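*Asks:* here is my input; please provide its structure:
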Amino acid sequence: MNITEEGLALIRQFEGFRETAYLCPGGKWTVGYGHTSDAGQPMVERGVSLTREQAEQVLRADVE
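*Replies:* Sure, this is the predicted structure:
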């Protein structure tokens with residue numbers, strides 16, 4: 001899938017950035033820009049954290 005920088009910006013805006021994993025309303029551990037274990041690595045559980053740089057890399061991998 002090809003996504004533009006504008007598309008990535010929209011995801012960032014909608015999801016927001018969370019450095020430390022949190023339990024979302026759907027009951028899934030989530031970190032970064034909306035990343036869950038359902039999307040693959042890194043696996044997300046309580047205590048997992050990502051820097052903004054790491055979250056950016058994960059976001060780009062998730063949309064691939």
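*Asks:* C-alpha from now on. contacts and neighbour counts both.
*Replies:* Fine.
*Asks:* which stretches of the chain form strands?
*Replies:* 18-23, 29-32, 35-36 (DSSP state E).
*Asks:* most tightly surrounded among those?
*Replies:* Burial of those is given as mean neighbour count (mean count of other C-alpha atoms under 10 Å); strand 29-32 ranks first at a mean of 26.
*Asks:* so how far is that one off the chain centroid?
*Replies:* 6 Å (C-alpha atoms, centre = their mean, to the nearest Å).
*Asks:* same for it, what does it pack against?
*Replies:* strand 18-23, helix 52-63 (3 or more C-alpha pairs under 8 Å, 6 or more residues apart in numbering; DSSP states H and E).
*Asks:* ok, 7 Å please
*Replies:* Judged by 3 or more C-alpha pairs under 7 Å, 6 or more residues apart in numbering; DSSP states H and E, strand 29-32 is in contact with strand 18-23.
*Asks:* now do the strand it packs on and helix 52-63, the angle between them.
*Replies:* Strand 18-23 runs at 60 degrees relative to helix 52-63, counting by axes from the mean of the first three to the mean of the last three C-alpha atoms, to 10 degrees.
*Asks:* ok, residues contacting strand 18-23?
*Replies:* The contact list for strand 18-23, computed with C-alpha atoms under 7 Å, 6 or more residues apart in numbering, reads 29-33, 44-51.
*Asks:* re earlier: reformat the strands of the chain as JSON lines; add mean pLDDT and distance to residue 56.
*Replies:* Formatted as JSON lines, these follow (pLDDT from 0 to 100; distance: least, C-alpha to C-alpha, whole Å):
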{"stretch": "strand 18-23", "mean pLDDT": "98", "distance to residue 56": "11"}
{"stretch": "strand 29-32", "mean pLDDT": "98", "distance to residue 56": "8"}
{"stretch": "strand 35-36", "mean pLDDT": "98", "distance to residue 56": "10"}
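*Asks:* distance to residue 58 added to these, as JSON lines?
*Replies:* Shown next, in JSON lines, are the strands of the chain (distance: least, C-alpha to C-alpha, whole Å):
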{"stretch": "strand 18-23", "distance to residue 58": "12"}
{"stretch": "strand 29-32", "distance to residue 58": "8"}
{"stretch": "strand 35-36", "distance to residue 58": "7"}
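*Asks:* out of those, which is closest to residue 57?
*Replies:* strand 29-32 (9.9 Å; C-alpha to C-alpha).
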